[in-house]
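Trainee: My questions concern the predicted model and sequence given below.
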Amino acid sequence: MGKVVQEQFIKFHDAIRLDVSDNKDVIKKRDMLIEEIRTAIKKMCEEKGIKLIRFTTFNQGSYAMGTGNKPIYDEDDYDIDCGLLFEIDKGDYTPIQVKTWVYDALNIQFRNVEWKKACIRVQYVEEGLPKFHVDFACYSDANSDGKTYLAKGTPTSAAENKKWEQSEPKKLKDLVNNKFTDDDECDQFKREIRDMKRWKDYQFDSVNGKPTGIAFTALAYNGFKPAIKDPFTWANDINDLKATKDFVNYILNQFSWDGRIKVHLPVPPANNLFEKMTDQQCKNFKTKLEELRDALVDAENETDPHEACKILRKQFGKDFSVPAKETTGQNRRLAVAGTSESA
């Protein structure tokens with residue numbers, strides 16, 4: 001792949017990546033909410049005359065793994081996932097009790113606090129539109145079996161959905177962050193996840209039938225192969241186009257004879273992340289992947305970086321920039337001459 005096209009992949013990643021740590025106001029609000037929870041639980045324990053219930057916090061989700069993206073549309077928001085590890089045994093409290101502690105602590109006037117199946121959400125709005133939300137997942141982390149359990153369910157959930165579910169969010173974060181030790185391989189791995197998450201947001205209009213970001217993360221964890229070396233000279237040659245093409249082919253190979261695809265979370269509860277998609281939705285997903293594969297092949301075979309990037313923009317959206325044609329003519333001549341940039 002030519003140097004110019006690789007530069008556009010890097011620019012694309014820089015345009016879509018979300019690094020919440022750069023937003024001090026968001027971090028400040030998250031920390032403020034955590035302190036509100038601590039204060040409320042301390043007060044509750046004092047009023048009940050019971051031992052103080054302690055918890056520690058950790059970042060989880062795409063923010064913690066370095067795979068988060070900015071919203072594709074202005075009306076969409078982004079999330080911060082925060083885990084609350086309570087020093088309790090799951091046999092002593094129900095999951096709804098524990099989530100109620102958090103909900104009651106945060107549910108003050110003029111604040112939008114919601115019950116979700118796996119968390120308590122605080123939604124922030126700016127100029128009438130959702131800006132970002134903080135999801136607090138509640139865990140039981142002092143169990144006799146040494147395992148960690150996530151509080152699932154809402155007050156109105158069916159009895160079978162109000163449960164403690166084994167979960168290892170810290171382990172998932174560590175697995176993803178430590179998948180590759182080489183910096184270039186790790187960076188390309190994270191870019192690939194972000195790029196594919198933006199691709200699915202651009203290609204799927206509705207939430208229904210859209211593959212999840214964590215599904216792409218799990219697929220990448222299982223099957224992504226870095227492309228950072230020239231296969232003949234072994235010289236450095238970071239090639240996001242080839243890496244993406246190979247990864248898309250890997251995903252297509254995961255579809256079974258019945259047209260469905262499976263990928264399991266690599267940590268407990270190890271659920272199939274495509275389980276909720278219907279047969280037709282799986283079919284649509286495969287069709288779009290085949291279109292992406294064909295576009296990547298066409299872009300790889302295109303000698304003019306301008307034309308190659310036009311092909312890629314149709315798949316990844318307006319954030320994938322197309323260099324002006326007059327700036328790519330020299331690169332085209334170099335590619336025809338057979339330089340390494342044509343690989």
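Mentor: Received, thanks.
Trainee: for the longest strand along the chain, packing partners?
Mentor: Under DSSP state E, the strand in the chain containing the largest number of residues is strand 129-140. The contact analysis (3 or more Cβ pairs under 8 Å, 6 or more residues apart in numbering; DSSP states H and E) places strand 129-140 against helix 24-48, strand 78-86, helix 95-106, strand 120-126, strand 149-152. For the C-beta atoms, the positions are set from N, CA and C on the backbone; glycine is no exception.
Trainee: ok, and the closest non-adjacent residue to Phe274?
Mentor: Counting by Cβ to Cβ, 6 or more residues apart in numbering, Ile261 is the residue found nearest to Phe274 once chain neighbours are left out, at 5.1 Å.
Trainee: That neighbour contacts Phe255, doesn't it?
Mentor: Yes: the pair Ile261 / Phe255 is scored as a contact, 4.9 Å apart, by Cβ atoms under 8 Å.
Trainee: picking that back up, next, the buried residues of the longest strand of the chain.
Mentor: Of all the residues in strand 129-140, those buried under the rule 16 or more other Cβ atoms under 10 Å are 132-140.
Trainee: Same question for stretch 57-75.
Mentor: Per 16+ other Cβ under 10 Å, stretch 57-75 contains these buried residues: 59-69, 71-72.
Trainee: Give the pairing partners of the helix or strand where Glu165 lies; include direction for each.
Mentor: Element membership for Glu165 (DSSP states H and E) is strand 163-166. Paired neighbours of strand 163-166 in the sheet (DSSP bridges): strand 149-152 (antiparallel).
Trainee: Could you give the average pLDDT over stretch 124-135?
Mentor: Across stretch 124-135, pLDDT averages out at 81.
Trainee: again, but for stretch 171-178
Mentor: For stretch 171-178, mean pLDDT is 95.
Trainee: Now do it: distance to the chain's middle.
Mentor: In terms of Cα atoms, centre = their mean, to the nearest Å, the centre of stretch 171-178 is found 13 Å from the chain centre.
Trainee: for it, which positions count as buried?
Mentor: Residues 172-173, 175-176 are the ones in stretch 171-178 that count as buried (16+ other Cβ under 10 Å).
Trainee: show me where pLDDT drops low in the stretch 51-200 of the chain?
Mentor: Within the stretch 51-200 of the chain, the ranges that satisfy pLDDT under 70 run 127-129.
Trainee: Show me the protein divided up by domain.
Mentor: Domain assignment for the chain, taken from automatic domain parsing, gives 3-16+173-342, 20-169.
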